[in-house]
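**Student:** sequence-free structure coming up:
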């Protein structure tokens, strides 16, 4: 993450609000979470955006004493609703007219983030999605995973474009096989070959077709 000195933060405090700077008064807490989520999702990865708390829209620090320990605890509590969790750093900033809280939020590698958890149904129970379940939900919106996951627990044709690759992946020289889709994320798909054998195939080597003769999805796997 790009580091910001106190001088850098003070400069941002005085400058106009932009895509990387937001100001809120200490009492205006309703949009703290929304702002942090937006920063994490929109700022270039590793580049710091700053939310100033205890500051008016014109960059003026609110007068009067503030309990910054209590303010940071309140802020941290609100950030617990971010999903997945967002990395940020808080710092009490000294200004000529008083003090304020600077919250530095780098663009996140773990985005997208949301201002609340994602929920799934497990049997008759509604619960917060696990990390892997959340990844699968995101993967469903991407082209290859989305199409492959339509065939979850169903058989698809998998055509390896050379027998050597098939031998390494499947333990056999046969270049075409029928596999059952088990799972898929943005990086690889997992298939069941036999009751005791699963196969993982990187998606960057997969082309998606449709086997009209067999009326099922067909995957062509490019050689390494």
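**Tutor:** In hand now; what should we look at? Computed from a prediction, not measured in an experiment: that's the story for all the values here. Residues are numbered from 1 along each chain as shown.

**Student:** so where do the helices sit in this protein?
**Tutor:** Counting by DSSP state H, the chain has helices at residues 6-14, 32-42, 68-79, 131-139, 143-149, 163-170.

**Student:** report all helices and strands that the shortest one contacts.
**Tutor:** Packing partners of helix 143-149 (3 or more Cβ pairs under 8 Å, 6 or more residues apart in numbering; DSSP states H and E): helix 131-139, strand 176-184, strand 206-211, strand 216-221. C-beta coordinates here come from the backbone N, C-alpha and C atoms, glycine included.

**Student:** the ones you listed: lowest mean pLDDT?
**Tutor:** Ranked by mean pLDDT, the helices and strands packed on helix 143-149 bottom out at helix 131-139, which scores a mean of 79.

**Student:** list the buried ones in it?
**Tutor:** 134, 135, 136, 139 (16 or more other Cβ atoms under 10 Å).

**Student:** with stretch 141-160 instead?
**Tutor:** Of the residues in stretch 141-160, those buried (16+ other Cβ under 10 Å) are 144, 145, 148, 149, 151, 156, 157, 158, 160.

**Student:** and the chain, what are its domains?
**Tutor:** Per automatic domain parsing, the domain ranges recorded for the chain read 6-106, 142-221.

**Student:** compare the mean pLDDT across these and name the weakest.
**Tutor:** Among the domains of the chain, domain 142-221 carries the lowest mean pLDDT, a mean of 82.

**Student:** do I have it right that residue 42 meets residue 19?
**Tutor:** Yes. Using Cβ atoms under 8 Å, residue 42 is in contact with residue 19, at 7.0 Å.

**Student:** can I get the buried residues of stretch 141-160 in CSV with distance to residue 195?
**Tutor:** Listed next are those as CSV, based on distance: Cβ to Cβ, whole Å:
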residue, distance to residue 195
144, 27
145, 25
148, 21
149, 22
151, 19
156, 18
157, 20
158, 18
160, 21
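
**Student:** gap between the spatially closest residue to residue 109 that is not a sequence neighbour and residue 135?
**Tutor:** What sits nearest to residue 109 in space, not counting adjacent residues and going by Cβ to Cβ, 6 or more residues apart in numbering, is residue 45, at 5.5 Å. Going from residue 45 to residue 135 by Cβ to Cβ, to the nearest Å gives 18 Å.

**Student:** roughly how far is stretch 112-123 from the heart of the chain?
**Tutor:** 12 Å (Cα atoms, centre = their mean, to the nearest Å).

**Student:** end to end on that stretch, go ahead and measure it.
**Tutor:** Across stretch 112-123, the terminal residues are separated by 27 Å (Cα to Cα, to the nearest Å).

**Student:** then stretch 144-155?
**Tutor:** From start residue to end residue, stretch 144-155 stretches across 16 Å - Cα to Cα.

**Student:** ok, stretch 195-210 next?
**Tutor:** 25 Å.

**Student:** correct me if wrong: residue 75 contacts residue 35.
**Tutor:** No. The criterion here is Cβ under 8 Å, and residue 75 misses it with residue 35 at 11.1 Å.
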